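> let me see the structure of the following:
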Amino acid sequence: MRKRSITFLSDGTLLRRENTLYFENAQGKRPLAVEGIYDIYVYGHVNITSQALHFLAQKGIAVHFFNHYGYYDGSFYPRESLNSGDLIIKQAQHYLDQEKRLKLARLFVVGGAINMENNLKRWKVNASFNELLEELSGVEKITDIMNVEARIRQEYYACWDETLPEDFKIVKRTRRPPQNEMNALISFLNSRLYATIVSELYNTQLVPTVSYLHEPGERRFSLSLDLSEIFKPVLADRIANRLVKQGIIKGNHFRDDLNGVLLNEEGKKIVLKVFNEEMRKSVRHPSLKKNVTKQRLIRLEAYKLIKHLVGVREYEPLVAWF
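Below you'll find the predicted structure:
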């Protein structure tokens, strides 16, 4: 049985009866085949019983929670079953060794920048980040790398704006709350992508709180932020671009809220449906010589990082060929 992600947009209760999970709401009670669940994303007000949580933990199913704005709040992260003491030590060593950390941090930014360049080419915009990437090779502080990354992204958004409809210009990247429709759409997709990466990291031996570009934090899975630098252009940005340019998402799918703009309930449903479909799409992998889903590419990227950490093969960030 191929496992799949479950998304709860409506309010209700997730409970367990014997060896079956049920989601109960105003429309009734429906069973969920736990063996077919990969992870769960909760956008509505959902009560989860302790028995259900125990069951999910036994099955290694992560649950990600989003607030009513659609932003990631946190995860129920079951006890890790794939821990490797040797890898944990090596992962920490690469963080503590400044030269090793800088190398990985630069690679995450380089991979993201190349994918952004490729997006702009797809959208018929001639742009190059070569000068900024050359500057990146000479910096010796993580804060300076982050500064270069921010300037690359600022230039990228300005170029992307040239191709967007007038009502969906980014203008300036704003967050929490976004100040216009396109910012709201990008933030919503980035938040879902972040949680998806957390799920993929759970299914590897990597510790998700030890990172290289972003500072490790007690309240976040910062390695997910590192990997998102590579995948935001390839997944979130391409989806946002298509939703807007094909008229799938329109102005009436947003609402004003607390001096900002957010997706309404109908907008969230549309975006999540397209996102889930995109994650399930397969592409031909040039090295593996077989088809893999786009979501699987995230796990494969994590495996590449593991090989780098243990000294098997130098890490090279994914550059989208599709």
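
> hang on, Ile249 is in a strand, isn't it?
No - Ile249: not assigned to a strand; according to DSSP: H, G, I helix; E, B strand; the rest coil it is coil.

> which residues of the stretch 1-150 of the chain score low on pLDDT?
The model of the stretch 1-150 of the chain has pLDDT under 70 over residues 1, 81.

> do that again at 50, thanks
By pLDDT under 50, the stretch 1-150 of the chain contains no weakly predicted segment.

> where exactly do the strands run in it?
4-8, 12-17, 20-25, 28-32, 37-42, 46-48, 62-66, 72-76 (DSSP state E, counting those that start in this stretch).

> mind listing what the residue lying closest to Leu82 once chain neighbours are set aside touches?
Among residues not flanking Leu82 along the chain, Gln205 sits closest, at 4.8 Å (C-beta to C-beta, 6 or more residues apart in numbering). Quick note: C-beta positions are derived from backbone N, CA and C, even for glycine. Shown in contact with Gln205 (C-beta atoms under 8 Å, 6 or more residues apart in numbering): Leu82, Asn83, Ser84, Leu87, Ile306.

> the last one contacts Ile88, correct?
The reference is to Ile306. No - contact between Ile306 and Ile88 fails when scored by C-beta atoms under 8 Å: they sit 11.3 Å apart.

> those two: which is more packed in?
Set side by side, Ile306 and Ile88 show more neighbours around Ile306, with 18 against 15, by other C-beta atoms under 10 Å.

> that one: what's it in contact with?
Contacts of Ile306 (C-beta under 8 Å, 6+ apart): Leu87, Thr204, Gln205, Leu206.

> so which of those belong to helices?
Per DSSP state H, helices hold the following members of those: Leu87.

> out of the contacts of Ile306, who's nearest Ile170?
Leu206 (32.3 Å; C-beta to C-beta).

> what about the residue nearest to that closest one when sequence neighbours are not counted, how many neighbours?
The shortest distance from Leu206 to any non-neighbouring residue, by C-beta to C-beta, 6+ apart, is to Ala302 (5.7 Å). By the criterion of other C-beta under 10 Å, Ala302 has 20 neighbours.

> look at Ala302 and report its pLDDT.
Looking at Ala302, its pLDDT is 98.

> assumed it was part of a helix.
Yes - Ala302 forms part of a helix when assessed by three-state DSSP.
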